[in-house]
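Q: fold the stuff below for me.
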Amino acid sequence: MLKGKVVKQTIADHRRFLPSRRGVTLVEMLVTVAMLVLMMTVLVQIFQAATGALSSAQNYQDLDNSLRRLEATIRSDLNGVTARLTPPLNPKDGLGYFEYGENAFADLQGEDSDDYIRFTAKAPEGQPFKGRALMRPPAGTLSAAQLLQYQNTQPITITSDYAEIIYFLRNGNLYRRVLLIAPERQESIVQMVGNAPAFAPGALGGVVSSSWQGVNDLSARPAKSGSSRIVLNSLGDLTNRENRFASPRFSNDYVLNVDGTAGADDFADDTNEDGVPDFYPTLYTDADGAFTLALQNLIYAPGYLMPTGGNFSSMPFPYIFPGAYTQPETDLAQLGWIHSPTPDQTTAPFSTDPLTYLHRLNHNPLDLGDNLYRPDAGDLTTQTWWGFPTSRETLSVNWADPTWQPNQHGGLQASGLNPRDPANAVGGVLKVNDDAELLPAMSAAARSNPQPFNDEWGTASDVYAGISAIWDDLWEDDLIMTGVRSFDVKAYDDLYGGYVDLGWANDARISGSTDFLLETPATATSPLAGGPTMPSLATFAHEGRMPPLTTDNRYDAQFGAATYLLPTGNTYTGNIGDDSTRINRLRRVFDTWSTDYTMAPAHAVNPMDGTPIGPPHYPPVYPSYPPPYPAPLKGIQIQIRVVDPANQHVKQMTIRHDFTDKL
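A: Alright, predicted model coming up:
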């Protein structure tokens, strides 16, 4: 700087004195981006974990809420049970019934899908059961406008304090079928004959026909005498098995007494005039229509063919719904374990390795994570138990019950209720001692006449003919919960000291023995030689077969053991066992039973000379059958396992109900 002179600094000079600035390199940019991406990934994962946990918690909470509602419903129903739990019950007492079917034991995972309970119940005070009913149209000739107005208001909603309730599980769906008990509405219902003329209520489309049962949530049966008539059940009526929903029906009026011609006169037939009805609810025949051994031993059991040329399918005691089972047991040594899903018998047949066989039971459809054997090698969705018809299935006009009366149709049951020949369960070929004691044929391939309304037979164009237009618009109004893996029912047994399956002595996992299987007297080769293998009737350890086998040593419920020499040369001992392999036999079912079964007509008059026939000098005219399980049912346990919609959580609920106040 010169003295007295100012020197201006240029821009170039200023930049020259500033510190130099280095640019961002490509490597630094990549590192920065990578760090940002990493941070974002962590944040996204945290967010996903948080939202996933929230969604999972929500699913779990929804599952808890659903189970709480289900528990409340079941407990409410059980609190209202009307029956006394010590069998048998007298229909005149109007107590209704309670029935529990065990079928197969639980599998190795403790899951059971073929148990069911059905019973009559009283609704809580102020909370009556609700259902549909098709009411009779106004009297007189209706105009087209009046008829349309009537159709558009049907069916109506009605209430009742009493109902017949059925819980059963099918393919992961738990159903609660509710049929109102309302005999007081008898005169107001629409009467039909074989669903003809089929009614077309406007509430279901206006032009589409449906069955009577499809639009009536009422417990009903066809009349057993006279012309066709729908009869609404009372509590007392339902004490008898043949009057309950989906049971083959009973008729007692086939032949006119006056001239012996075929027909119905509203009176129980007594063509041989021995003083007792020719047809009684405990009467049953084999698959050929011939009377079975227990009845052949008696003197005045009816021994003629029905004049209409029909069969005695109207007397399939003890009234088993024929379509309940879908898969037969093929191990002949099993003698009737229709409950098995036949998982893999070539490896571990029951006859050679019963314990392993029981371990492999799995009658649930195969789910992810299920390490047990498949129910069926050909169809992974098949299970043994199919249960009862749902409300949607009985909507078809082809479901003729209860508008179909056997005595008006040659003794035949309505479609869906026809009994099946147990001997034709496998391969459709009759074999000696093949499939002994099976319930109705369950293999779809073996059925010459498959059962509609169950076991997935038929399509909307055949079984459900006439309702395909509305099928997709309807819902299963008796479906109470989905995603149910197990519905396991057990009975309290003093001998066991807890809750256990019916027939538990045959479960080698519990009893440690298979000697109870056939429940026959011990032999010299038996580990229990010198004593009977039949468990005490005061327990639930035995099979509860009805009709029993001869070796079950069950005797006439009225007169017990007694020896009579019959005119045929045979000896009648009072043993009501029947070893026929062609009987639709009840097994592992607790039923409150009926005194109509335990006190069948026993005395008659010889029509030839008027002398009395029956005990104490002659055997009873009809045998009287004791309850399958005469022990009182002190309590039950219901264990339900449900999986959430995401198949991530399984929740288990246990309900125990004490019946000691109803014994």
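
Q: so for stretch 40-59, mean pLDDT?
A: In this model, stretch 40-59 has a mean pLDDT of 74.

Q: again with stretch 475-490
A: Averaging pLDDT along stretch 475-490 gives 90.

Q: alpha carbons only: can I get that stretch in PDB?
A: Extracted as PDB, the C-alpha positions of stretch 475-490 are listed here (Å, rounded to 0.1, in the frame of the first residue of the first chain):
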ATOM      1  CA  TRP A 475     -76.400 -68.400   4.000                       C
ATOM      2  CA  GLU A 476     -75.900 -71.200   6.500                       C
ATOM      3  CA  ASP A 477     -77.900 -69.700   9.300                       C
ATOM      4  CA  ASP A 478     -77.000 -72.600  11.600                       C
ATOM      5  CA  LEU A 479     -73.300 -72.100  11.100                       C
ATOM      6  CA  ILE A 480     -72.000 -70.800  14.400                       C
ATOM      7  CA  MET A 481     -68.200 -70.800  14.000                       C
ATOM      8  CA  THR A 482     -65.600 -71.500  11.300                       C
ATOM      9  CA  GLY A 483     -62.000 -72.600  11.700                       C
ATOM     10  CA  VAL A 484     -62.800 -75.200  14.300                       C
ATOM     11  CA  ARG A 485     -60.200 -77.900  14.400                       C
ATOM     12  CA  SER A 486     -61.800 -79.900  17.300                       C
ATOM     13  CA  PHE A 487     -65.100 -80.400  19.000                       C
ATOM     14  CA  ASP A 488     -64.400 -82.900  21.700                       C
ATOM     15  CA  VAL A 489     -67.100 -84.100  24.100                       C
ATOM     16  CA  LYS A 490     -66.400 -86.300  27.100                       C
END
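
Q: which positions in that stretch come out as buried?
A: Using 16 or more other CB atoms under 10 Å as the test for burial, stretch 475-490 gives 477-481, 483-490. Backbone N, C-alpha and C define where each C-beta goes, glycine included.

Q: flag the shaky bits of the stretch 551-663 of the chain, pLDDT-wise.
A: The model of the stretch 551-663 of the chain has pLDDT under 70 over residues 581-582.

Q: contact partners of stretch 79-97?
A: For stretch 79-97, contacts defined as CB atoms under 8 Å, 6 or more residues apart in numbering pick out 98, 118-124, 162, 164, 181, 234-241, 244, 591-598, 626-627, 629-630, 632-634, 657, 659, 662-663.

Q: alpha carbons of that stretch, as CSV, please.
A: The C-alpha trace of stretch 79-97 is given here as CSV (Å, rounded to 0.1, in the frame of the first residue of the first chain):
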residue,chain,number,x,y,z
ASN,A,79,-78.3,-74.6,31.5
GLY,A,80,-81.7,-75.1,29.8
VAL,A,81,-81.5,-78.8,29.3
THR,A,82,-85.0,-80.2,30.0
ALA,A,83,-84.2,-83.9,30.3
ARG,A,84,-83.4,-85.9,33.4
LEU,A,85,-80.0,-87.5,32.8
THR,A,86,-80.8,-90.9,34.3
PRO,A,87,-82.3,-93.1,31.6
PRO,A,88,-84.9,-94.1,30.6
LEU,A,89,-87.4,-91.3,30.5
ASN,A,90,-91.2,-91.7,30.2
PRO,A,91,-92.6,-89.7,27.2
LYS,A,92,-95.6,-88.8,29.3
ASP,A,93,-93.4,-86.8,31.6
GLY,A,94,-92.6,-84.3,28.8
LEU,A,95,-88.9,-84.1,29.6
GLY,A,96,-87.5,-84.2,26.1
TYR,A,97,-84.1,-85.9,25.6
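
Q: for S247, what are its contacts?
A: 241, 319-321, 417 are the contacts of S247 under CB under 8 Å, 6+ apart.

Q: so where's the stretch 251-400 of the chain uncertain?
A: For the stretch 251-400 of the chain (pLDDT under 70), the answer is 256-263, 285-294, 296-297, 299-316, 325-384.

Q: the same query, at a cut-off of 90, please.
A: 251-387, 389-400 (pLDDT under 90).

Q: for the spatially closest residue to Q191 that is not a sequence neighbour, give me its contacts.
A: Leaving aside its chain neighbours, Q191 sits nearest to I230 (5.7 Å; criterion: CB to CB, 6 or more residues apart in numbering). Neighbour list for I230: 189, 191-192, 212, 220-223, 402-403 [criterion: CB under 8 Å, 6+ apart].

Q: hmm, which of those residues are the buried ones?
A: 189, 192, 212, 220-223, 402-403.

Q: re the thing from before, of all the buried residues of stretch 475-490, which comes closest to A505?
A: K490 (14.3 Å; CB to CB).

Q: these two touch, right, that closest one and D501?
A: Yes: judged on CB atoms under 8 Å, K490 makes contact with D501 at a distance of 5.9 Å.

Q: how about the secondary structure of A49?
A: helix (DSSP: H, G, I helix; E, B strand; the rest coil).

Q: ok, it - how many residues close by?
A: For A49, the neighbour count with other CB atoms under 10 Å is 10.

Q: and it, how far from L63?
A: Relative to L63, A49 is positioned 21 Å away (CB to CB, to the nearest Å).

Q: which residue ranges of the stretch 551-663 of the chain form helices?
A: Remark: helices assigned in the stretch 551-663 of the chain by DSSP state H, counting those that start in this stretch are 595-598.

Q: repeat that for the chain.
A: Using DSSP state H, the helices assigned to the chain run over residues 11-17, 26-79, 144-151, 293-296, 354-359, 468-471, 508-511, 595-598.

Q: report the contact partners of G236.
A: The contact partners of G236, taken as CB under 8 Å, 6+ apart, are 91-96.

Q: ok, so of these, who is nearest L26?
A: Nearest to L26 among the contacts of G236, counting by CB to CB, is G96 at 86.5 Å.

Q: so for that closest one, what's the nearest residue that isn't a sequence neighbour?
A: T120 (2.9 Å).

Q: beta partners of the one you found?
A: Counting by DSSP bridges, T120 is bridged to E164.

Q: looking at it, it is touching S234, isn't it?
A: No: using CB under 8 Å, T120 is not in contact with S234; the gap is 10.0 Å.

Q: so for the two, which residue has more residues nearby?
A: More neighbours surround T120 than the other of T120 and S234, with 28 against 20 (other CB under 10 Å).

Q: quick check: that one vs F487, distance?
A: 20 Å.

Q: and what of R176?
A: Distance, R176 to F487, by CB to CB: 11 Å.

Q: what's the overlap in contacts for the two?
A: Jointly contacting R176 and F487 under the rule CB under 8 Å, 6+ apart are Y167.

Q: list just the nearest of the contacts of I230 to Q149.
A: Checking the contacts of I230 against Q149 with CB to CB, the nearest one is I189 at 19.6 Å.

Q: report how many residues lie close to M653.
A: Residues lying near M653 (other CB under 10 Å) number 16.

Q: would you confirm that it contacts Q637?
A: No: M653 lies out of contact with Q637 (CB under 8 Å); the separation is 11.1 Å.
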